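Visitor: kindly generate the corresponding structure for this input.
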Amino acid sequence: MSNERSEEPATDRLARAVRAAETALIEYEIAVDTFRIEVDNFSRLHHQRLGPVYRRMDELDALIAEAVAARTGDPADLLAARNARAAIAPMPGLDDLLGGWVQEDGMSPEALAMLTGEQVAPPKRVRASEEARRIYRDLVRQAHPDLSADPEERSRREEFIVRVNRAYADGDEAQLAALAEEWATGPREAPDLLTRAEELYARLEWLAQRKDWLAQQVRELEESAIGSMLKLAADDPDGLLEEISEELHAQVARKEARLAELNREADGHTPHERPAADTVSSGDAVSADAVSADTDSADAVSSAGAGPGSGTAAHAAAGEHTAHDHTDERRS
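Guide: Okay, the predicted model is just below:
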């Protein structure tokens, strides 16, 4: 009897340690999932809103390069123009074809739309409203699978959290509120059959493993191109998207002005004679040296993560197309 009394305080201390570890892990996982959702939303909105702008910039780069090559007849300009035009729409690799189609909670909305023909509703914002964030955090704290050791209950919670994550990613406050009501009136977990000591020790070991896994997820998110950008604009990711858009549209305006200038000059000059094989058409060329490093629009965001010393995140993202805007002037 005395041995049982002496062991009880140790078990209580272990139970308190487990509860503290569970709470800390769930808060950590909420932060990780919130960041992951913002990265996904930023990526989708960036592609939807700015993809056409990047393509227009690439086309302008191509037209500028072709105008320079047609005017100078320089073999280097001709070769660079052909190579750059071809680089506007390169053959996609396997990763490009499959990347983003399958997500943690199933197929992406874009993938489902391809299969069903339905319209994709993009997220309204990168970051959800404060009310949606509050409901989301409360739900995860209550329904997180890590709070149960029973396999059936864990499975039920996992399915429920998938729905919670999807509603949060959509910024759907009404759906989140409905899910909160559903959870509040749902079934309760049956008591565990394990001894208290067995449960506590197994729980601590699992929590440690889960924390290590989450830490790896955080590293991968933070090292990704978009994750690096969002770290530079943690307070206002939607404002960052607008800033990038403004910078890109300013670049488009500069390139259109340069192309118009080259076209006006061409109206008053006779193109240099050159072999027919070197003739450049508007269908198979892109920016000479001026834009050979600029045309990879898919990497415009990827380069931003390397830019703490390059100014704002928006300039880092949009800067891919600025480095050589006026190189073609050297040839003209």
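Visitor: just the helices in the stretch 1-150 of the chain please.
Guide: 2-72, 75-87, 94-98, 109-116, 130-143 (DSSP state H, counting those that start in this stretch).
Visitor: so which of those helices gets nearest residue 248?
Guide: Ranking the helices of the stretch 1-150 of the chain by proximity to residue 248 (C-beta to C-beta) places helix 2-72 first, at 4.8 Å. Every C-beta, even on glycine, is put in place using the N, C-alpha and C of the backbone.
Visitor: between helix 75-87 and the closest one, find me the angle.
Guide: 140 degrees (axes from the mean of the first three to the mean of the last three C-alpha atoms, to 10 degrees).
Visitor: for helix 2-72, name the packing helices and strands.
Guide: helix 75-87, helix 130-143, helix 151-169, helix 196-223, helix 225-232, helix 237-267, helix 327-331 (3 or more C-beta pairs under 8 Å, 6 or more residues apart in numbering; DSSP states H and E).
Visitor: pLDDT score for residue 48?
Guide: pLDDT, residue 48: 86.
Visitor: that one: neighbour count?
Guide: 13 (other C-beta atoms under 10 Å).
Visitor: what of residue 169?
Guide: If we define neighbours as other C-beta under 10 Å, then residue 169 has 21 of them.
Visitor: then residue 172?
Guide: For residue 172, the neighbour count with other C-beta under 10 Å is 17.
Visitor: and residue 76, how far from residue 87?
Guide: Separation of residue 76 from residue 87 (C-beta to C-beta, to the nearest Å) stands at 16 Å.
Visitor: who's more crowded, these two?
Guide: More crowded of residue 76 and residue 87, by other C-beta under 10 Å: residue 87, with 18 against 12.
Visitor: kindly state the pLDDT recorded for the residue nearest to residue 233 when sequence neighbours are not counted?
Guide: Leaving out its chain neighbours, the residue that sits closest to residue 233 by C-beta to C-beta, 6 or more residues apart in numbering is residue 240, at 3.7 Å. Here the pLDDT value assigned to residue 240 is 88.
Visitor: export only the CA atoms of stretch 160-177, formatted as CSV.
Guide: Provided in CSV are the C-alpha atoms of stretch 160-177 (Å, rounded to 0.1, in the frame of the first residue of the first chain):
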residue,chain,number,x,y,z
PHE,A,160,-12.7,15.9,-39.2
ILE,A,161,-9.5,18.0,-39.1
VAL,A,162,-9.2,17.5,-42.9
ARG,A,163,-12.6,19.2,-43.3
VAL,A,164,-11.5,21.9,-40.8
ASN,A,165,-8.3,22.6,-42.8
ARG,A,166,-10.2,22.8,-46.0
ALA,A,167,-12.7,25.3,-44.6
TYR,A,168,-9.9,27.4,-43.2
ALA,A,169,-8.0,27.4,-46.5
ASP,A,170,-11.1,28.7,-48.1
GLY,A,171,-11.6,31.4,-45.4
ASP,A,172,-15.1,30.0,-44.9
GLU,A,173,-16.2,31.3,-41.5
ALA,A,174,-19.7,29.9,-41.8
GLN,A,175,-18.4,26.4,-42.6
LEU,A,176,-15.9,26.6,-39.7
ALA,A,177,-18.8,27.6,-37.3
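Visitor: pull the residues that contact it.
Guide: With contacts defined as C-beta atoms under 8 Å, 6 or more residues apart in numbering, stretch 160-177 is touched by 33, 37, 40-41, 105-106, 121, 123-125, 128-129, 131-133, 135-136, 139-140, 143-145, 179, 183.
Visitor: buried subset of those as a PyMOL selection?
Guide: Restricted to buried positions by 16 or more other C-beta atoms under 10 Å, the PyMOL selection for the contacts of stretch 160-177 reads:
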select buried, resi 33+37+40+41+123+125+128+132+133+135+136+139+140+143+144+145+179
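Visitor: how close does the residue nearest to residue 233 get to residue 50?
Guide: 12 Å.
Visitor: if you count neighbours, what's buried in stretch 196-207?
Guide: For stretch 196-207, by 16+ other C-beta under 10 Å, it's 199-200, 203, 207.
Visitor: in a markdown table, list the residues you listed along with pLDDT and distance to residue 14.
Guide: Formatted as a markdown table, the buried residues of stretch 196-207 follow (pLDDT from 0 to 100; distance: C-beta to C-beta, whole Å):
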| residue | pLDDT | distance to residue 14 |
| --- | --- | --- |
| 199 | 76 | 10 |
| 200 | 81 | 5 |
| 203 | 80 | 9 |
| 207 | 86 | 12 |
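Visitor: between all of the residues you listed, which two are separated the most?
Guide: 199 and 207 (12.1 Å).
Visitor: quick one: low-confidence residue ranges for this structure.
Guide: Along the chain, the parts satisfying pLDDT under 70 run over 1-8, 89-122, 188-194, 269-332.
Visitor: follow-up on the earlier one: which one of the helices and strands packed on helix 2-72 lies closest to residue 57?
Guide: Across the helices and strands packed on helix 2-72, closest to residue 57 is helix 237-267 (C-beta to C-beta), at 5.8 Å.
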